[in-house]
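S.K.: okay, sequence plus prediction incoming.
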Amino acid sequence: MSQLLGYKDFYFEITRQTTKHKFAKQIGKDFLLKFISHFLAQFRNHKLPPAEDLMKEFFTFGQHKFEDDKNYDKLVSRYNYLKEKYQTDYKLISIESLLYMFTWLTNNPNLPTGIQQGPEQILPMFKLFLLFNDDVLEKYKKSYKRAESVPPDRRIRRMILGMSFPQNDLLNADYAQILRTQFYKGAKLLDFMEANQKYHKLLQKLLDDFGCTDKEDFFKSMGAAIVFGIQSLNGGWTILDVPQNNDFNKACFFLDKLAIEEEAIPELQDDFLEVRNKPLRKIGNGQYLVVYDLFLIKKIYNGLIFYLSALTRKDKNLIKGPLFGHLRMDFSEATLVYDTMNYIYHDASTIKISGNEFKAAGINETEPDFYVRKNTDILLIESKDFYVPGEIKMSYDFDQIESALKDGRLWKAVEQIETNIKRTIKKELIVDTAYDVAQIHIFPIIIVHDALYSAAGLNYWINYWFDDSISKIKKDKEFITFNFERLFPVTLVEIDTLLFFEENFHEGDVDLVNLLREFHQEMSYRKQTFLTAEELVNHAYTSAIPFAEFVRTKARDNNISLKEGPINQVLVKVGLT
């Protein structure tokens, strides 16, 4: 992993005059926004130059070449010294630094605009982004420090999660998957709201706000705006010019909506809220600067949830109580999870039981959210749709992150799974008892609804809690005859992974149970004996891979191409295929 360089690596004295304001005033807000957009786009395309080439690019401006710049000579000399001394690869820019810079610009509206750009802005620009790198490096140090006091076998794992959790949904974003699943979930949400009387007022308010006749009109217009916003993206900053045709006014109306700052919703994502709310900046009539295309794509579904939640806060008559609580039960679980699992396991020989069916049978306390039995393989599934507050997410503090995850429903999921494992062994899940307990394999699954919970190392820690919980069952005389080798570790499964490969699962190109077996064979969470410290560290990193990444890698290595299915029917509606 490349190490991030900061201001302190190049400049040893930081005086009162060395401030972000000082450098930003020399550069101007207009260029800084383009700078941020330019490099965020390069991260998406994985085209960010190596640090050496990036320094050359920075100190080249028209006829002004880096070879002739004395500042470049001094800085590259220092860079080469660091690289040779520490034998480490370095990077100059991070996504977090860029997003922190955007947030800072948003909160400092009085910075000058319209400054003519020239070679004299090169050094201030270089110093400015290094100062934002320092902010990120301070957070990295906090993560290291919080891990120092624990035993070596846990230290590296704490550091992996503490470092990966704040930035996983930014650094490891699979744009193709996110784009498809955002459209799919957005369409299913609107269909769900139309089909349920409880949400009719809210849906109508949404349509009225956007001047749409029905949900098809809304989704097609929203889809067109998003597609238009990403179709021309390249390695540099992108200025969108809406075509002057019959759809000009409506396209501008939707893009204007995407450029308007929304209300912060406490229970939803609020890290880098300024960019999440405004991934576009309107710079003229029909002209928009794309600040961050990832957050623009996430407007399709995540942003829709934000908008609907804001509507219910303003008008309590639209729905009773917090919207997100309703959607968590009615949509995330009882629509997305139910529909997806029923579609994946469509054969009549497989037993499928939803949480609602368990409740109807009288098991209405800590019942599984979904249950699948295919021959002797049983999937015990919990669905958890929640967000960790941005302040905690970006803390880089393992203790804070772990506490928030436990408070944020993952600990409850582990407890529910423990209860249902005991019920399964004792055949107390009365809707299905036609199996031999001595022959079954149990696969506990927690379906999560955001890429944040596919952070490196998180599955290991959830399973650490899980094994601690299961150790108590093993000591119970009631379960002494059960072979616990048949109980697999718990797996965090992203709903987007299931949706993205839904048709492949449906057609049998990919088998979920086989993937779970292979995943845990490679992760070896329960391995405890290591001959050397190096072996321990290597195992910590190799076992930190999330299931979502494991599945994508398997699909790529086995040349498994996506099959057209329900998700493609949605994409056709918005002109994406």
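M.R.: Noted; the coordinates are in hand.
S.K.: which pLDDT value belongs to the residue of the chain most remote from its centre?
M.R.: Most distant from the centre of the chain: Asp68, at 43.1 Å, with distances by C-alpha atoms, centre = their mean. The model reports Asp68 with a pLDDT of 88.
S.K.: next, it: phi, psi?
M.R.: phi -100, psi 0 (degrees, to the nearest 10).
S.K.: out of everything not next to it in sequence, what's closest to Ser332?
M.R.: Once flanking residues are discounted, Ser332 sits nearest to Asp385: 3.9 Å by C-beta to C-beta, 6 or more residues apart in numbering. Just so you know, the C-beta spots here come from the backbone N, C-alpha and C atoms, and that holds for glycine as well.
S.K.: hmm, Glu333 and that neighbour touching each other?
M.R.: Yes. Applying C-beta atoms under 8 Å, one finds Asp385 in contact with Glu333, separated by 7.4 Å.
S.K.: quick one: which of these two has more around it?
M.R.: Glu333 (23 against 20; other C-beta atoms under 10 Å).
S.K.: the closest residue to that one other than its chain neighbours sits in which helix or strand?
M.R.: Of all residues not flanking Glu333 in the chain, Ser383 sits nearest, at 4.4 Å (C-beta to C-beta, 6+ apart). Ser383 is part of strand 377-384, with elements assigned from DSSP states H and E.
S.K.: buried ones in the helix or strand just after that strand, by neighbour count?
M.R.: Moving toward the C-terminus from strand 377-384, the next helix or strand (DSSP H and E) is helix 390-393. Under the neighbour-count criterion of 16 or more other C-beta atoms under 10 Å, helix 390-393 has Gly390, Ile392, Lys393 buried.
S.K.: could you dump these to JSON lines with pLDDT and distance to Glu84?
M.R.: Below are these laid out as JSON lines (pLDDT from 0 to 100; distance: C-beta to C-beta, whole Å):
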{"residue": "Gly390", "pLDDT": "82", "distance to Glu84": "39"}
{"residue": "Ile392", "pLDDT": "88", "distance to Glu84": "39"}
{"residue": "Lys393", "pLDDT": "88", "distance to Glu84": "36"}
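S.K.: hang on, the earlier thing: the residue nearest to Glu333 reaches Ala334, doesn't it?
M.R.: No. Applying C-beta under 8 Å as the test, Ser383 and Ala334 come out as separate, 9.0 Å apart.
S.K.: ok, the two, which is more surrounded?
M.R.: Ser383 (26 against 18).
S.K.: tell me the contacts of the more buried one?
M.R.: Going by C-beta atoms under 8 Å, 6 or more residues apart in numbering, Ser383 touches Ser332, Glu333, Val337, Asp369, Phe370, Ile446, Ile447, His449.
S.K.: by mean pLDDT, flag the weakest helix or strand of the protein.
M.R.: Across the helices and strands of the chain, mean pLDDT, DSSP states H and E gives its lowest value to helix 273-277, namely a mean of 70.
S.K.: these two touch, right, Phe358 and Leu429?
M.R.: Yes. Using C-beta under 8 Å, Phe358 is in contact with Leu429, at 7.3 Å.
S.K.: list the buried residues of the lengthiest helix in the chain.
M.R.: Looking across the chain with DSSP state H, the single longest helix is helix 122-147. Within helix 122-147, the residues that count as buried by 16+ other C-beta under 10 Å are 122-123, 125-137, 139-140, 142-143, 146-147.
S.K.: go on, stretch 469-479?
M.R.: Ser469, Ile470, Ile473, Phe479.
S.K.: count of residues packed around Ser561?
M.R.: 8.
S.K.: can you tell me the SS state at it?
M.R.: coil (DSSP: H, G, I helix; E, B strand; the rest coil).
S.K.: from Leu179, how far off is it?
M.R.: 17 Å (C-beta to C-beta, to the nearest Å).
S.K.: so what touches the helix or strand hosting Ala251?
M.R.: Take DSSP H and E as the rule and Ala251 turns out to sit in helix 248-258. Residues from elsewhere that reach helix 248-258 (C-beta under 8 Å, 6+ apart): 210-211, 221-222, 224-225, 228-229, 240, 242-243, 278-280, 282, 285-286, 288, 296, 299, 303.
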